[in-house]
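>>> only geometry, no sequence info:
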């Protein structure tokens, strides 16, 4: 009997470790979400189609960088995210330190920044996938929809720069249509998983459908700030809902 107890305890520990920690998973997701937000507004701030830099764009991406730093501290700097984050920030500071006219046309530095974001997003996505085992499906669905929305928005912003590469996902023919299909499918999935929030998802659909034609026909006319305004509102709402779900899952996990 004593031997059985010795054998059972490690197995129970291993089993507990295999399950997702909802709050940590949420923190990893929000870290990725803020990374996309920072990348989006960094590109808007350096958009050659905009003659005048709006100070608000820089404020938004710097707010996201501060939140990313806080999330890393909260998670005790998992994996190699801290050095990758530091590289990302250092390149942004390098760009900000340039003279206004020089920075506005320094696409080589912008390209290096987006490359750094791609490395950071890949590393964060790998950590997220490793820790998502047995996470609640509604939480995972909210995270997926947020990330897919971020992806199509950042891809849209990225396509304004012919000399800046796409590093946060494999770029291929028809990628806008593929992301668009995933977002539509994700909305349907969320309405089934969370019917109590159907009205919220309908509102997100309306906001997405307003900007969707510009995303698909992205070479016709650029509306970078408008696209970011509507789609960032969607990702913010999705992240608020997932935060609520993560807190609820954590509370239920501690209930006997």
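Perfect, thanks for sending it. Predicted, not measured: the structure shown is a model, and the values here were computed from it.
>>> So what touches stretch 23-36?
Applying Cβ atoms under 8 Å, 6 or more residues apart in numbering, the contact partners of stretch 23-36 are 64-65, 67-68, 71-72, 74-75, 78, 81, 88, 117, 120-121, 124-125, 127-128, 131-132, 135, 139, 143, 146-147, 150-151, 153-154, 168, 235, 239, 242-243, 246-247, 250. To be clear about C-beta, it is placed using only N, CA and C from the backbone, and glycine gets the same treatment.
>>> Likewise for stretch 65-77?
With contact meaning Cβ under 8 Å, 6+ apart, stretch 65-77 is reached by 24, 27-28, 30-31, 34-35, 38, 78, 81-82, 85, 89, 92.
>>> at 7 Å instead, please
The contact list for stretch 65-77 (Cβ atoms under 7 Å, 6 or more residues apart in numbering) reads 24, 27, 30, 31, 34, 35, 38, 81, 82, 85, 89.
>>> Give the rounded mean pLDDT of the helix or strand harbouring the third one.
Taking DSSP states H and E as the definition, residue 30 sits inside helix 22-45. If you average the pLDDT over helix 22-45, you get 97.
>>> Please pull up the helix or strand immediately following it.
In the C-terminal direction, the helix or strand that comes right after helix 22-45 (DSSP H and E) is helix 55-74.
>>> next structured bit after that following helix?
helix 81-96.
>>> filter the contacts of stretch 23-36 to the buried ones?
64-65, 67-68, 71-72, 75, 78, 81, 88, 117, 120-121, 124-125, 127-128, 135, 139, 143, 146-147, 150-151, 153-154, 168, 235, 239, 242-243, 246 (16 or more other Cβ atoms under 10 Å).
>>> still on that earlier bit, filter the contacts of stretch 23-36 down to just the ones in helices.
Using DSSP state H, 64-65, 67-68, 71-72, 74, 81, 88, 117, 120-121, 124-125, 127-128, 131, 139, 143, 146-147, 150-151, 153-154, 235, 239, 242-243, 246-247, 250 are the members of those that sit in helices.
>>> So the most centrally placed residue in the chain versus residue 56, what's the distance?
Central residue of the chain (Cα atoms, centre = their mean): residue 33, 2.5 Å from the mean position. Relative to residue 56, residue 33 is positioned 19 Å away (Cβ to Cβ, to the nearest Å).
>>> Grab the nearest non-local neighbour of residue 121.
In space, and not counting its chain neighbours, residue 121 is closest to residue 168: 4.8 Å by Cβ to Cβ, 6 or more residues apart in numbering.
>>> State the distance from that neighbour to residue 225.
Per Cβ to Cβ, residue 168 is found 20 Å from residue 225.
>>> Check residue 209 too.
Separation of residue 209 from residue 225 (Cβ to Cβ) stands at 19 Å.
>>> Residue 183 too?
Per Cβ to Cβ, residue 183 is found 20 Å from residue 225.
>>> try residue 81
Look at residue 81 and residue 225: by Cβ to Cβ, they are 29 Å apart.
>>> ditto for residue 61
Remark: distance between residue 61 and residue 225 (Cβ to Cβ) = 13 Å.
>>> and what of residue 187?
Residue 187 is 24 Å from residue 225, by Cβ to Cβ.
>>> so what's residue 199 up against?
Applying Cβ under 7 Å, 6+ apart to residue 199 gives no contacts.
>>> roughly how far out does the helix or strand that it is a member of sit from the chain middle?
Element membership of residue 199, judged by DSSP H and E, is helix 198-216. Taking Cα atoms, centre = their mean, to the nearest Å, one finds helix 198-216 lying 18 Å from the centre of the chain it belongs to.
>>> what do you get for stretch 123-140?
Distance, centroid of stretch 123-140 to centroid of chain: 13 Å (Cα atoms, centre = their mean).
>>> Now do that stretch: everything it contacts.
Residues from elsewhere that reach stretch 123-140 (Cβ under 7 Å, 6+ apart): 18-22, 24-25, 28-29, 31-32, 35, 78-81, 84, 193-194, 242, 245-246, 249.
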